[in-house]
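Peer 1: Please work out how this folds:
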Amino acid sequence: MSIRFKLWLLLLGCSSLAAFGYSQVTPVFDAPDWRRISLFAAIGVTGLLMVFFTPAFMSWRRSVLGIWLPAVLLRVLLLPTAPSDDVNRYLWEGKLIQNGISPYTQRADDASIAEYRDSYWAAINHKDKPTAYPPISELAFAGVGAVVYHPLAYKVVFVLADLLTLAAVLCLLRARGLGLQYAGFYAFSPIVLISYAGEAHFDALMVMPLVWALWAYESGRVGLAVVLASLATGVKWVTLPLIPFFAGKRLWMGAVLSVATLLLPAVFFWSSLSALIDGLLQFGSTRSFNGPMYDVLFFGWDLPRAVCTRVVVVLLSVVIVWRWLMRDSAPLDSHIRWILGTLIVLSPTVHFWYIAWILPFVCLRPSLPWITFSVSACAYFYVWTNAATDVGWTLTAWQKKMFWLPFFIACNYELWSTRGVILWTRCRSSKHPDATVAVVIPTLNAAVDLPQALASITAQTRAVDEVIIVDAGSEDTTRSIASQAALPIQVLSSERGRGLQIATGIEASTADWVLVLHADALLASNAVACVLCAVERDSSVIGGALGQRFMETNIGLLPIELLNDMRALFTRTAFGDQVQFFHRATAVRYDLVPKQPLMEDVESSWRTRERGGFLFLGQDCPVSHQKWQREGWFRRVKLVLRLVALYRFARLRGRDQAEQLSRNLYRDYYPKRK
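Peer 2: Take a look at the predicted model:
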């Protein structure tokens, strides 16, 4: 059993203890216990670490089980948690429907239906407000309650829907060539775990068909995708703006399918549907809680509530129109993230479980702003501590900052680091399904490692079209090894300097895509196939990296792997031994790979993220650990951090200064080379 696997099991154990502890400190839904906050954060931290320390399972099935089994375990441990008081409304309104009474025709406190009151009715919140749940939701409540009239029944159904969502995420990740461990951002998130297994919020019934709709769309089943997206809307109205994006150019067909899907269950409540509209208007315009934009308008600027509502509606409409105009420039999941994310930020009321709407799609393009909520959302539970005091049922200013500030800081970082490119998606200059792939290998006295690197290229599940070795004057048998390999190899000569060698190889290539492989690294057997799957799904991607694992991992190297993955995933900055890849035409046209002797990997990452889409696949490619053992762990860590920091500050002053510094840093990094 590897050290990584042992650490992963330890993290799973800690997360399980935190989940079980959370269920024990919430005997009632509104328990004002500070331990809820700390245990939520503990589940979040351990869950994130589980994603990054996921072991290298031997097959796809074992990888799925490595996500699935812990996900089920954590959900089972949280089932004893006291459910939300919203469940009482699910139960009671479902009971009304079973007795032939529409929940839209009267409020819960109406005397005309007093005979149906029970203990669940007594615990309903806001009895004086009309219901705002769509018809499909109400029928689902009635169906579950007809089988078992108990909150646990709803928990089980919602958890099953939640696990089906996870299944869709795993299918999408595999189809896109991304690491399955990214599903952990959903599977192990305390937001998801406590929302569904803990508090039993019905949003799971909305998210599940929406994620499967994306799978259907990417599988070419547009009609099915529209129906599933419409089902999601029939559960909760927030997904309504997404339906046209699933229909695309087939708007008329999409409109017919959507209307049919939404109207069929509505027939059951036809005579009382007008009251549903009234309920929606009251729900959206008479209350607010924890909405960052709405709070600024309502409390900060002291605007009337009606004006605040109009402002957020206009802002949301602008975003929807903007994404519609860009519908051909980015994949569908990108539009879903933008629209759902905008809905959450602009909503007058934001409960922590609203973040669960977007997390399945965050797994497909991990985003630091949304993932921070896996920890910062713990601030939400101060509301129950406040409710037990004179503060009342609300969050204080600093508690709201604790909830929202990490998110907005991360958003600002993404805007700054990409120079705003994340707002204005650019398509690649060329797209076609039969793309060609080249591998560029910069070498200098690499005779010991090169045979294994070439063997890993030979073993690809999808063969490469060309291999270009750019040698910088090797004095060993590097060139002869290259010439004898059973691959379409071209050997070039270059002056020393890895950036110059890589740029030379990219310029000499005729392939559509170029992978840069260091001589002391190996390609994972499906590396080429994963890159092609990823870039085919997203036309905005112009470069990125696969991932890296040391060939022999010890406890000292695990933090290096963790930091490398987090840096590449969240800051879009990859090191060369993480196997970078580039769209060759774009790389040549915009000089993405600088001809500098050192830091060419960092610089090329930054140029890529500033020009277009940078994607970190999370696919582990083995790399030699010898230099870490030879030079000493602490000494090398200190050296790398110093060089990157110096280069970062130089880059802030301009590319020219950074390139000049790289030449000086080269002598520090390779003191024995002339």
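Peer 1: Could you break this structure into its assigned domains?
Peer 2: Domain ranges of the chain: 3-417, 437-622, per automatic domain parsing.
Peer 1: Could you work out the end-to-end span of the longest one for me?
Peer 2: It stands for domain 3-417. 34 Å (Cα to Cα, to the nearest Å).
Peer 1: could you give me the average pLDDT of it?
Peer 2: Here domain 3-417 scores 92 as its mean pLDDT.
Peer 1: likewise the last one?
Peer 2: Per-residue pLDDT values across domain 437-622 average out to 93.
Peer 1: now do the same end-to-end measure for it.
Peer 2: OK, domain 437-622 end separation, Cα to Cα: 20 Å.
Peer 1: longest helix in the protein, by residue count?
Peer 2: Determined from DSSP state H, the single longest helix within the chain is helix 151-175.
Peer 1: elements contacting that helix?
Peer 2: On a contact count with 3 or more Cβ pairs under 8 Å, 6 or more residues apart in numbering; DSSP states H and E, helix 151-175 meets helix 60-78, helix 86-98, helix 135-147, helix 184-187, helix 204-218, helix 359-362. All C-beta spots, glycine's among them, are computed from the backbone N, C-alpha and C.
Peer 1: what's the angle between that helix and helix 204-218?
Peer 2: Put simply, helix 151-175 runs at 20 degrees to helix 204-218, going by axes from the mean of the first three to the mean of the last three Cα atoms, to 10 degrees.
Peer 1: Report the beta-bridge partners for residue 580.
Peer 2: Using DSSP bridges, the bridge partners assigned to residue 580 are residue 516, residue 545.
Peer 1: roughly how far out does stretch 198-212 sit from the chain middle?
Peer 2: Chain-centre distance of stretch 198-212: 17 Å, with Cα atoms, centre = their mean, to the nearest Å.
Peer 1: follow-up on the earlier one: pipe the domains of the chain into TSV and attach mean neighbour count and distance to residue 425 per row.
Peer 2: TSV is the format used below for the domains of the chain (neighbours: other Cβ atoms under 10 Å; distance: least, Cβ to Cβ, whole Å):
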stretch	mean neighbour count	distance to residue 425
domain 3-417	19	4
domain 437-622	21	5
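Peer 1: And stretch 235-253, end to end?
Peer 2: Using Cα to Cα, one end of stretch 235-253 lies 21 Å from the other.
Peer 1: picking that back up, could you export the domains of the chain as TSV, including distance to residue 423?
Peer 2: Output for the domains of the chain, formatted as TSV (distance: least, Cβ to Cβ, whole Å):
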stretch	distance to residue 423
domain 3-417	7
domain 437-622	12
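Peer 1: Relative to residue 653, which of the ones you listed is closest?
Peer 2: Evaluated over those, closeness to residue 653 peaks at domain 437-622, with 13.8 Å, by Cβ to Cβ.
Peer 1: how close does the nearest residue to residue 406 once chain neighbours are set aside get to residue 594?
Peer 2: Nearest residue to residue 406, sequence neighbours excluded (Cβ to Cβ, 6 or more residues apart in numbering): residue 372, at 4.2 Å. To residue 594, residue 372 is 32 Å away according to Cβ to Cβ, to the nearest Å.
Peer 1: What ranges does the stretch 201-350 of the chain have for its helices?
Peer 2: Secondary structure of the stretch 201-350 of the chain by DSSP state H, counting those that start in this stretch: the helices cover 204-218, 222-235, 243-247, 251-266, 273-285, 292-295, 305-325, 332-346.
Peer 1: So which residues make contact with stretch 78-90?
Peer 2: With contact meaning Cβ atoms under 8 Å, 6 or more residues apart in numbering, stretch 78-90 is reached by 19-20, 22-24, 26-31, 108, 120-121, 123-125, 131, 141, 144-145, 151-152, 154-155, 159, 193-194, 197-202.
Peer 1: Figure out the length between the terminal residues of that stretch.
Peer 2: 20 Å.
Peer 1: which residues touch residue 419?
Peer 2: For residue 419, the contacting residues are residue 610, by Cβ under 8 Å, 6+ apart.
Peer 1: again, only using 10 Å
Peer 2: 606, 609-611 (Cβ atoms under 10 Å, 6 or more residues apart in numbering).
Peer 1: Including distance to residue 220, could the residues you listed go into CSV?
Peer 2: Shown next, in CSV, are the contacts of residue 419 (distance: Cβ to Cβ, whole Å):
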residue, distance to residue 220
606, 36
609, 31
610, 34
611, 30
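Peer 1: Convert stretch 126-136 to PDB, retaining C-alpha atoms only.
Peer 2: Output in PDB follows, covering the C-alpha atoms of stretch 126-136 (Å, rounded to 0.1, in the frame of the first residue of the first chain):
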ATOM      1  CA  HIS A 126     -43.800  30.900   6.900                       C
ATOM      2  CA  LYS A 127     -47.300  29.400   7.100                       C
ATOM      3  CA  ASP A 128     -48.700  32.800   6.000                       C
ATOM      4  CA  LYS A 129     -46.800  32.600   2.600                       C
ATOM      5  CA  PRO A 130     -48.100  30.800  -0.500                       C
ATOM      6  CA  THR A 131     -46.000  28.000  -1.800                       C
ATOM      7  CA  ALA A 132     -43.600  28.600  -4.700                       C
ATOM      8  CA  TYR A 133     -42.700  25.100  -5.600                       C
ATOM      9  CA  PRO A 134     -43.400  24.100  -9.300                       C
ATOM     10  CA  PRO A 135     -45.800  21.300 -10.200                       C
ATOM     11  CA  ILE A 136     -43.200  18.600 -10.700                       C
END
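Peer 1: centre of the chain versus it, how much separation?
Peer 2: The answer for stretch 126-136 is 32 Å, by Cα atoms, centre = their mean.
Peer 1: Stretch 526-539 too?
Peer 2: With Cα atoms, centre = their mean as the basis, stretch 526-539 stands 17 Å off its chain's centre.
Peer 1: Let's have the helices and strands packed on helix 151-175 in JSON lines, adding distance to residue 482.
Peer 2: JSON lines is the format used below for the helices and strands packed on helix 151-175 (distance: least, Cβ to Cβ, whole Å):
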{"stretch": "helix 60-78", "distance to residue 482": "33"}
{"stretch": "helix 86-98", "distance to residue 482": "65"}
{"stretch": "helix 135-147", "distance to residue 482": "62"}
{"stretch": "helix 184-187", "distance to residue 482": "40"}
{"stretch": "helix 204-218", "distance to residue 482": "39"}
{"stretch": "helix 359-362", "distance to residue 482": "42"}
